[in-house]
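Peer 1: how would this look folded up:
(2 chains)
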Protein chains: 2
Amino acid sequence: MHLLQKWSIGKLNHVAMACPDIDKATALYRDVLGAKVSEKHPQPEHGVYTVFVELGETKLELLHPYGDKSPISGFLEKNKSGGMHHICIEVDDIEEAMKDLKSKNIRLLSDSARIGAHGKPVVFLHPKDCNGVLVELEQA
Amino acid sequence: MHLLQKWSIGKLNHVAMACPDIDKATALYRDVLGAKVSEKHPQPEHGVYTVFVELGETKLELLHPYGDKSPISGFLEKNKSGGMHHICIEVDDIEEAMKDLKSKNIRLLSDSARIGAHGKPVVFLHPKDCNGVLVELEQA
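Peer 2: Down below sits the predicted model:
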């Protein structure tokens, strides 16, 4: 079956965490744990501030709401201390991956790939089809 | 300050997910997403079954309760579809890391490091001191 598959999965790109206080979360990873962290980037088009924590080839993506229509506001209302929001796995061909996953009855949260926070096409898979975990695929 | 620090943080070792149906979760990553996955290992001393999914240098660790005192049973009662349970970051010297973190008022969930599911010393940090996320440190 894999011989016919037109796309491949790659590495874990990042683990995203919603943070009620992103400066405090940044300080934990930078000052207490000694990791390399990015500046805080406002991403108005995605409704979040982001800070990236480098942990080898995978990053932690710290998220905090930007504006009043942020996609993570509801999550933070339910998880007041913050928590893990999604994981992002790389794929080499997101269009082929989407076709294949649809044919395997995995629900996608959008009909077409969108441009994500890293400027690359992404799509989210329904958590109910992924053991309760929100999974993002990103074109590598 | 970093010149005096006696330990360093390393890469993200794994992201652990509690799964109500570990065989179904394994099939998602192996058959649908095409990742390389391990056999299912019973780990009676840790109260879990584990399956490891290889995604570059970081693994997903799929967890399912083993026995009736499993440390993840409570989590699955609260999260019936499953969900992300903890992240594990490598450190080069866990004893120095524990001393340093205690002095910085990060609460540890055990007084001494214990042997984790990979046979290496590990310690868990209190989620309330880590933005709502359970963080495991593992001696690399």
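
Peer 1: same question for stretch A:115-134: list its buried residues.
Peer 2: For stretch A:115-134, burial by neighbour count (16 or more other CB atoms under 10 Å in any protein chain shown) applies to A:116-118, A:121-125, A:127, A:129-134. Glycine gets a C-beta too; all of them are placed from N, C-alpha and C.

Peer 1: extract the C-alpha set from that stretch and format it as PDB.
Peer 2: Output in PDB follows, covering the C-alpha atoms of stretch A:115-134 (Å, rounded to 0.1, in the frame of the first residue of the first chain):
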ATOM      1  CA  ILE A 115      -1.200  29.600   5.100                       C
ATOM      2  CA  GLY A 116      -0.100  29.000   8.700                       C
ATOM      3  CA  ALA A 117       1.900  31.000  11.200                       C
ATOM      4  CA  HIS A 118       5.200  29.900   9.500                       C
ATOM      5  CA  GLY A 119       4.000  31.000   6.000                       C
ATOM      6  CA  LYS A 120       3.500  27.500   4.800                       C
ATOM      7  CA  PRO A 121       0.300  25.600   3.800                       C
ATOM      8  CA  VAL A 122      -1.300  23.800   6.800                       C
ATOM      9  CA  VAL A 123      -4.500  21.900   7.500                       C
ATOM     10  CA  PHE A 124      -5.900  20.700  10.800                       C
ATOM     11  CA  LEU A 125      -7.400  17.200  11.400                       C
ATOM     12  CA  HIS A 126     -10.500  16.700  13.500                       C
ATOM     13  CA  PRO A 127      -9.400  15.800  17.100                       C
ATOM     14  CA  LYS A 128     -12.200  13.200  17.300                       C
ATOM     15  CA  ASP A 129     -10.500  11.300  14.500                       C
ATOM     16  CA  CYS A 130      -7.100  11.600  16.200                       C
ATOM     17  CA  ASN A 131      -7.600  10.200  19.700                       C
ATOM     18  CA  GLY A 132      -8.700  13.500  21.200                       C
ATOM     19  CA  VAL A 133      -5.700  15.400  19.900                       C
ATOM     20  CA  LEU A 134      -5.800  18.400  17.500                       C
END
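
Peer 1: how about that stretch, does it get close to chain B?
Peer 2: Yes: Stretch A:115-134 is in contact with chain B by CB under 8 Å from any CB of the partner chain, via A:127-133.

Peer 1: which SSE is immediately downstream of the longest helix seen in chain A?
Peer 2: Across chain A, the longest stretch assigned as helix under DSSP state H is helix A:94-103. Going down the chain from helix A:94-103, the next helix or strand is strand A:114-115, by DSSP states H and E.

Peer 1: and the average pLDDT for the helix or strand that comes right after that next one is what?
Peer 2: For strand A:114-115, the following helix or strand on the C-terminal side (DSSP H and E) is strand A:121-125. For strand A:121-125, mean pLDDT rounds to 97.

Peer 1: between helix A:94-103 and strand A:121-125, find me the angle.
Peer 2: Counting by axes from the mean of the first three to the mean of the last three CA atoms, to 10 degrees, strand A:121-125 lies at 20 degrees to helix A:94-103.

Peer 1: please name the residues that touch residue A:100.
Peer 2: The contact partners of residue A:100, taken as CB atoms under 8 Å, 6 or more residues apart in numbering or on different chains, are A:5-7.

Peer 1: coming back round to it: from the chain's centroid, how far away is the longest helix of chain A?
Peer 2: Mean C-alpha position of helix A:94-103 versus that of the full chain (CA atoms, centre = their mean, to the nearest Å) differs by 18 Å.

Peer 1: could you do stretch A:69-76 as well?
Peer 2: 14 Å.
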